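Asks: Mind looking at a prediction? Sequence and model below.
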Amino acid sequence: MLYQILLYSILIASLVICFTAIPSNPERSLRMIPLFLLYNLISELSAYGLMVQKRSNMFIYDIYTLLEFVFIFILLFASSKSIRFKRVMSFYGLLFLAAAILFYFGWYKPTHYNILNLFMSFMFIIVASGAVLIEQLFSDEVIRFTSIPLFWASTGFLIYASASFLINTLNYLNIVFPSSLMVKQVITVIGSLAFYGGLSMSMLCRRIFN
């Protein structure tokens with residue numbers, strides 16, 4: 001229970017910070033962050049409610065996987081200046097859509113949940129976030145990274161997706177070891193802190209570091 005409270009506390013704190021910071025952010029792409037976090041909170045509460053009632057809640061997480069991908073795709077796509085990178089992202093987005101169609105029309109269902117889109121989403125986030133950070137690093141412009149929203153968001157996405165990829169791989173392969181539950185919970189908390197902390201800092205960084 002303490003573990004769940006900690007995760008909800010991180011999410012709610014980030015939600016409050018991001019809604020508070022909206023007036024200071026003229027960028028349209030950043031203004032959707034609080035709305036996504038609100039949807040995230042509603043999804044988590046709904047999933048928890050179904051779990052308490054001993055009902056399946058995987059469909060909520062399947063929908064969340066799709067919307068999370070769309071949210072991060074739009075954020076990174078809108079922020080990148082590389083035409084080549086945007087073309088690659090667009091192609092991958094089409095592959096992701098095709099995988100979703102295969103699953104939801106029942107043509108490819110290896111498990112009871114949408115594992116294909118789940119891992120495709122994690123791989124996309126890891127690669128795309130890393131590419132955006134590299135793009136900023138090798139930019140010809142004089143950049144102060146701490147004042148760039150995308151720097152914080154991409155760093156958070158990269159850590160979160162790496163942690164989530166590891167946890168879901170362990171779960172899918174049913175790998176169990178001493179204190180595995182505690183280790184998975186610690187990794188999940190780290191991933192959540194990175195994700196929500198990165199989004200919060202992306203909303204606040206220009207106010208703090210400028």
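Replies: Looks like it came in fine.

Asks: what comes up buried for the helix or strand of the chain with the lowest mean pLDDT?
Replies: Lowest on mean pLDDT, DSSP states H and E among the helices and strands of the chain sits helix 28-31, with a mean of 79. Under the neighbour-count criterion of 16 or more other CB atoms under 10 Å, helix 28-31 has 29-30 buried. C-beta coordinates here come from the backbone N, C-alpha and C atoms, glycine included.

Asks: what do you get for stretch 1-20?
Replies: Neighbour counts using 16+ other CB under 10 Å place 7, 10-11, 14-15, 17-18 of stretch 1-20 among the buried residues.

Asks: for stretch 71-84, same thing?
Replies: In stretch 71-84, counting by 16+ other CB under 10 Å, buried: 71-73, 75-77, 79-80.

Asks: which ones among those are found in helices?
Replies: 71-73, 75-77, 79 (DSSP state H).

Asks: report the longest helix in this protein, please.
Replies: Using DSSP H, we find that the single longest helix of the chain is helix 180-209.

Asks: tell me which residues of it are tucked away?
Replies: Buried residues in helix 180-209, counted by 16+ other CB under 10 Å: 185, 187-188, 191-206.

Asks: likewise stretch 95-110?
Replies: Burial within stretch 95-110, assessed by neighbour count using 16+ other CB under 10 Å, is assigned to 96, 99-100, 103.

Asks: is it true that residue 180 touches residue 171?
Replies: No. With contacts counted by CB atoms under 8 Å, residue 180 stays clear of residue 171, the gap being 10.0 Å.

Asks: For residue 155, the count of nearby residues, please.
Replies: Using other CB atoms under 10 Å, residue 155 has 20 other residues around it.

Asks: need the contact list for it.
Replies: The neighbours of residue 155, taking CB atoms under 8 Å, 6 or more residues apart in numbering as the test, are 129, 133, 194, 198.

Asks: And those, which two are furthest apart?
Replies: For the contacts of residue 155, the farthest-apart pair by CB to CB is 133 and 194; their separation is 13.4 Å.

Asks: Now list whatever residues contact both of the two.
Replies: 155, 158.

Asks: Take the contacts of residue 155 and lay them out in CSV including distance to residue 119.
Replies: Putting the contacts of residue 155 into CSV (distance: CB to CB, whole Å) gives the following:
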residue, distance to residue 119
129, 16
133, 21
194, 19
198, 21
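
Asks: quick one: which of the residues you listed is nearest to residue 32?
Replies: Nearest member of the contacts of residue 155 to residue 32, counting by CB to CB, is residue 198, at 14.9 Å.

Asks: Residue 174 and residue 168: what is the separation?
Replies: 12 Å (CB to CB, to the nearest Å).

Asks: meant to ask about residue 129
Replies: Residue 129 is 17 Å from residue 168, by CB to CB.

Asks: which one of the two has more residues nearby?
Replies: Regarding residue 129 and residue 168, a neighbour count based on other CB under 10 Å identifies residue 129 as having more, with 25 against 14.

Asks: So the more buried one sits against residue 157, correct?
Replies: Yes. Residue 129 lies in contact with residue 157 (CB under 8 Å); the separation is 4.2 Å.
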